[in-house]
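> Quick one, what's the 3D model for this:
(2 chains)
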Amino acid sequence: MFLTFLTFLPLIGAIFLAFIPKHEEDAIKQTALAIAVADFLLSLQLYADFDTTTAAMQFTMDVPWIEAWGISYHVGLDGISLLLYIMTTMLTAIAILASFGIKKHIKEFMMAMLALSTGMLGVFISLDFFLFYMFWEFQLIPMYLIIGVWGGKRRIYAAVKFFLYTAVGSLLMLVAIIWIYFHFHKTVGVFTTDIMLITQQINLDMLQQKWLFCAFFLAFAIKVPMFPFHTWLPDAHVEAPTAGSVILAGVLLKMGTYGFLRFNLPLFPLASVEFLPYVCGLAVIGIIYGALVAMMQEDLKKLVAYSSVSHLGFIVLGIFAFNHYGLQGALLQNLNHGITTGALFLLVGMIYDRRHTRLIAEFGGLAKVIPVFTVCFMIMTLSSIGLPGTNGFVGEFLILLGIFQNHMGFAIVATGGIIFAACYMLWMFQRVMFLEIKNPENEKLTDMTPRELCTIIPLIILVFWIGFYPKPFTKTFDASIQHLITQVTPKDHQGSQEPHASANTDVKLAQADAGSSGSH
Amino acid sequence: MIPAPEIDLVSLAPVLVLSVFTMLVLLMDLFIGKNKSGLVFISLTGLLLTAVSSFAKTDWPVRSFGGSYVVDHLSVFFTMVFCISSALAILISIEYNRREKIRVGEYYSLILFCTVGMIILASSTDLIMIFLGIEIVSLCLYVLAGIRRGDVRSSEAALKYFLLGAFATGFLLYGMALLYGTTGTTKLAGIAEAISSGQMSSQPLVLMGMVLLVLGFGFKVAAVPFHMWTPDVYQGAPTPVTAFMAVGPKAAAFAAFFRVFTEAMPELASSWDMILSIIAVITMFVGNLGAIVQTNIKRLLAYSSISHAGYLLIAIIARNSLGGSALVFYMLVYTFMIFGAFGIVILIGREGKENLELEDYSGLGFQSPLLALSMSIFLLSLGGLPPLAGFIAKFYIFQAALNEGYVILVVLAVLNSAISFYYYLRVIVYMYMKEPQGEFQITLTPITLLVIVISVLVTVELGLFPGPVLSLAQP
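As a prediction, the model looks like this:
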């Protein structure tokens, strides 16, 4: 119940916002922020109550919804989704705080952000296929509006492209869901769309698994985004307003990787193993391609957007390592990317607010003029590169360790990606912050305001916290990772009816200790 | 000696009640004078009583008149849908007619007569009765389309509809004649029996009859390539009539279509299966691709209704009971979505300037936020976005089709849903992302507003909690 309350709190807040008169802009902004911050602080309670020893779903609620079709409102959190959930509430609050500068239709903007928040949170907690699909599609509209109404010059093109691209992928996923629904009824005899139930008892042969894997993969690959389905991302990121980009990069992209973890791996283990080389290949191509294209960008936001493609490639690689280190690294990097790239977009947005341009050529030598900003930007750049001591290092190292154990070739190529990341980020930083001040406009820049600092400081704290002491974060993953690994290894999943949870608790506990002690 | 068929007037109750009320409305028009609002009340009362009387017989299925007429789950549910759609049509016509100075007393009685035809269509199990129903519906619609006598567009619409409709009816009749000639009976059950027992004189003639029936029905539901009349007629007819045409008669035609093909020709399924699949796919694509280039909201909605006919054809192809329930649920949801959308189209217009181009919607989002929100809800529901009713309806149809194994059809249908989002979103783009052209002078006439509000509530409610209505839809 608590989980449902937390998830719908932003939406209820949005409806409440509708009643505030349009001209009371300060009241609107403060109320929206209050709602978002309240949601975040309350969600920390989930962390406090979370039981790290089990992979079973927690904070669950299972209520029959559309009984005629066996659909129920089943929600819950496990190790995979817990920190994503909390990160979502945190980024929503930060994004709302960062949007105080918006002049046009601020009320509708805040309402859209809060509605989007509910949609995203709902995706992470859904344990029913139908419910998941509903939230997955629902969050498209607020994002579409945010990009399309408050975005840059080519916003309508970017918004429509974003919507249609994602909609096509998810519609094919819908066909797969309905197919699974009927197949489950034919084989097990029960009409249900419950994810947990179907994952435990479904019986699919290789060919069926392959097709279904592809259908789900398409939907998530578009979202991640993986090469070659990434072309919507640069446009959407560049044209979206700052807060929109933060949420897009921080949360929406993670929904794709979450999808892989929740659906592709557990439901179609044989197909996952079978397609592994191709998926890893695409991931590695994404890493290198994203990095190379990022290097050539002249627009700051586009550079960060392509760096996202590169970083998400790492995460997918970690997921498909199918071992403890890889998955741990991937789950951690989910958070890290949200923090780091979210912060980078915030910082780019701050520059844009002052100079109304994002072209690197327009800048240069800003370090002398805005030192505080420079420090923050430097920290985030280093985190993005993966300097030891920052969160990026822990995540990327674990991923590489994991993928090196199983598929050395991919690891070697992926490591090149890290070097490229250093190239483009440091070169960009040098051109923007260091060197001489070429453009006299830049001398008039004001440093970060207290409000802007408030949006960045929590992220900086997290960068170093995760960088030096990731255990509080990684310990939530371990049980679920163990469970996932047992689901993917072929022997356990040849159509037997045994439920997995109880049989593997002892194994999980033993390996959880071993795994977590080796991770830092 | 031919045995006289049993006359069971109770099963015919809804038709009788509504016919009486229709004639009452027609008569009262003589005495009522300039203010026609009394007719509205009589019509609505009539529709309410019709809906109630359709439950006169409760032990379904009840076959009467020698097997020509049936009262079963499908017919009763459809009768409800017709009553609702006619009531909504009458409600949104009131203020529109006043504004556009359509002072025709026969207007309401024509809608009611049309409803009588629709009820007959949904309840007939005999080819002649079906023809009767189609003719009643069509003739009323021909007149309704052209009811705005001074407007050249309206007259064009009526004439086009009439000429093409007459042709299509001719084909339909010929198909029925062929089926009668080969099987010796016009009763659907009899035809099925004749085909399955192999008594019919020749197979090719039966197939020919079936193809002609597809043609005739295809015209009525606006399937491709029989859809040419739809954009022009929808655009030319007065807006409430367009809304009515998009819903009621289409639903009735689908009901009859479903019945004829699933009751009379299940044996021939392998043949009409393929034909209908191809027609369904082409219909969806033509409808959606055609809508993309439209700038007139009525034409856009016309093409979108063509594409919806495509989705509904899939429900017929999935001929099991799931298909029938999906059809019925979809038409109910469709009723509210269409009337809501057209209600808003009516509100945007003003006396003398109907504001039907998409540019006229620029900036509506922030000037009349609730109206724009409602329009967005209807459009997104038509596209099939959760958590709105349109999604549940499409989901139901996809379920029905996948259960029978038509995977490719469903994949093409979802791709078409994605395509359709493009033009539904375009209206939203105009409403929210473009600057307004001037002040919107929208008078929120109460009754039309009521229709819109009811439609929004139903669309959202059925999207979130469709359970009760779903169980009603299942036989």
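> Please count neighbours and contacts with C-alpha atoms only from this point.
OK.
> residues contacting the residue of the stretch 201-350 of chain B at minimum distance from chain A?
The nearest approach of the stretch 201-350 of chain B to chain A comes at residue B:322, 11.5 Å away (CA to the nearest CA). Contacts here follow CA atoms under 8 Å, 6 or more residues apart in numbering or on different chains; on that basis residue B:322 touches B:399-400, B:474.
> of those, list those near chain A.
Restricting the contacts of residue B:322 to those near chain A by CA under 8 Å from any CA of the partner chain leaves residue B:399.
> among the contacts of residue B:322, who's most crowded?
Tallying neighbours with other CA atoms under 10 Å in any protein chain shown puts residue B:400 at the head of these, with 28 neighbours.
> hang on, the earlier thing: from the chain's centre, how far out does the helix or strand harbouring the residue of the stretch 201-350 of chain B closest to chain A sit?
Using DSSP states H and E, residue B:322 falls within helix B:321-348. The chain centroid and the centroid of helix B:321-348 are separated by 8 Å, computed with CA atoms, centre = their mean, to the nearest Å.
> interface residues of chain B facing chain A?
Checking chain B against chain A by CA under 8 Å from any CA, the hits are B:366, B:385-387, B:398-399, B:402-403, B:410-411, B:414-415, B:418-419, B:421-422, B:425, B:429, B:432-433, B:465-467, B:470-471.
> Derive a PyMOL selection command for the buried subset of those residues.
Command for PyMOL that selects the buried part of the residues of chain B next to chain A, burial taken from 16 or more other CA atoms under 10 Å in any protein chain shown:
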select buried, chain B and resi 366+385+386+387+398+399+402+403+410+411+414+415+418+419+421+422+425+429+432+433+465+466+467+470
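> Just give the number of residues close to the residue nearest to residue A:347 when sequence neighbours are not counted.
The shortest distance from residue A:347 to any non-neighbouring residue, by CA to CA, 6 or more residues apart in numbering or on different chains, is to residue A:377 (6.8 Å). Residues lying near residue A:377 (other CA under 10 Å) number 22.
> Need the three-state assignment for residue A:377.
Secondary structure, DSSP: H, G, I helix; E, B strand; the rest coil: residue A:377 is helix.
> gap between it and chain B?
Per CA to the nearest CA, to the nearest Å, residue A:377 is found 33 Å from chain B.
> ditto for residue A:451
Separation of residue A:451 from chain B (CA to the nearest CA): 28 Å.
> For my notes, confirm residue B:405 occurs in a strand.
No - if the criterion is three-state DSSP, then residue B:405 is coil and not within a strand.
> Any figure for the gap between it and residue A:186?
According to CA to CA, to the nearest Å, residue B:405 and residue A:186 sit 13 Å apart.
> Show me what the mean pLDDT comes to for stretch B:91-109.
Here stretch B:91-109 scores 83 as its mean pLDDT.
> what residues are up against the spatially closest residue to residue B:223 that is not a sequence neighbour?
Distances taken as CA to CA, 6+ apart place residue B:283 nearest to residue B:223, at 5.6 Å, with adjacent residues excluded. Neighbouring residues of residue B:283 by CA under 8 Å, 6+ apart: B:223-225, B:306-307, B:309-310.
> Residue A:322 too?
A:402, A:485, A:488.
> let's go with 10 Å and repeat that
Applying CA atoms under 10 Å, 6 or more residues apart in numbering or on different chains, we find residue A:322 in contact with A:265, A:272-273, A:276, A:328, A:402-403, A:406, A:481-482, A:484-486, A:488-489.
> Can you tell me which helices and strands the longest strand seen in chain A packs against?
Counting by DSSP state E, the longest strand found in chain A is strand A:58-66. With contacts defined as 3 or more CA pairs under 10 Å, 6 or more residues apart in numbering or on different chains; DSSP states H and E, strand A:58-66 has these neighbours: helix A:2-17, helix A:25-49, strand A:71-77, helix B:467-473.
> Tell me which residues of the one helix or strand residue B:173 maps to come out buried.
In this structure, residue B:173 sits in helix B:152-183 according to DSSP H and E. By 16+ other CA under 10 Å, the buried positions in helix B:152-183 come out as B:153-162, B:165-166, B:168-169, B:171-183.
> Would you mind confirming that residue A:313 is in contact with residue A:290?
Yes - counting by CA atoms under 10 Å, residue A:313 does reach residue A:290; the two are 8.7 Å apart.
> ok, these two, which is more surrounded?
residue A:313 (31 against 28).
> which residues touch the closest residue to that one other than its chain neighbours?
Excluding the flanking residues, the one nearest residue A:313 by CA to CA, 6+ apart is residue A:283, at 4.5 Å. Shown in contact with residue A:283 (CA under 10 Å, 6+ apart): A:221, A:225-228, A:277, A:289, A:309-318, A:320, A:410, A:414.
> try 8 Å this time
Residue A:283 makes contacts with A:226-227, A:313-314, A:316-317, as judged by CA under 8 Å, 6+ apart.
> Confidence-wise, which of those comes last?
residue A:227 (86).
> What helix or strand is the closest residue to it other than its chain neighbours located in?
Using CA to CA, 6+ apart and skipping the chain neighbours, the partner closest in space to residue A:227 is residue A:286 (5.2 Å). Taking DSSP H and E as the definition, residue A:286 sits inside helix A:269-295.
> counting contacts, what elements does the very next helix or strand once past that helix pack onto?
As assigned by DSSP H and E, the chain's next helix or strand after helix A:269-295 is helix A:300-319. For helix A:300-319, the packing partners by 3 or more CA pairs under 8 Å, 6 or more residues apart in numbering or on different chains; DSSP states H and E come out as helix A:232-239, helix A:269-295, helix A:324-355, helix A:391-406, helix A:408-433.
> between these, which gets nearest to residue A:71?
When those are compared by CA to CA, helix A:269-295 sits nearest residue A:71, at 24.5 Å.
> What count of nearby residues applies to the residue of the stretch 51-200 of chain B found nearest chain A?
Of all residues in the stretch 51-200 of chain B, residue B:73 sits closest to chain A, at 17.2 Å by CA to the nearest CA. A count of nearby residues for residue B:73, using other CA under 10 Å, gives 22.
> what's the answer for the one 5 residues further on, then?
Look at residue B:78: counted by other CA under 10 Å, it has 26 neighbours.
> ok, now which ones touch it?
Counting by CA under 8 Å, 6+ apart, residue B:78 has contacts B:119, B:122, B:251-252, B:255, B:328.
> Secondary structure of it: a helix, I assume?
Yes - counting by three-state DSSP, residue B:78 is part of a helix.
> In the chain, where is pLDDT below threshold?
Since you didn't name a chain, this refers to chain A. Within chain A, the stretches with pLDDT under 70 are A:490-520.
> right idea, wrong chain: chain B
B:1-3, B:5, B:199-202.
> And the strands in it, which stretches?
B:62-64, B:69-71.
> which residue does the stretch 201-350 of chain A bring closest to chain B?
residue A:215 (10.6 Å).
> Check which helix or strand that residue maps to.
Per DSSP H and E: residue A:215 is located in helix A:206-223.
> List the contacts of that helix.
Residues outside helix A:206-223 that contact it (CA under 8 Å, 6+ apart) are A:165-166, A:168-173, A:176, A:229-230, A:252-253, A:255-257, A:259-260, A:263-264, A:268, A:270-272.
> before we move on, the earlier item: return the set of buried residues in the helix holding residue A:286.
Across helix A:269-295, burial judged by 16+ other CA under 10 Å covers A:269-273, A:275-276, A:279-292, A:294-295.
> All good on my end, thank you.
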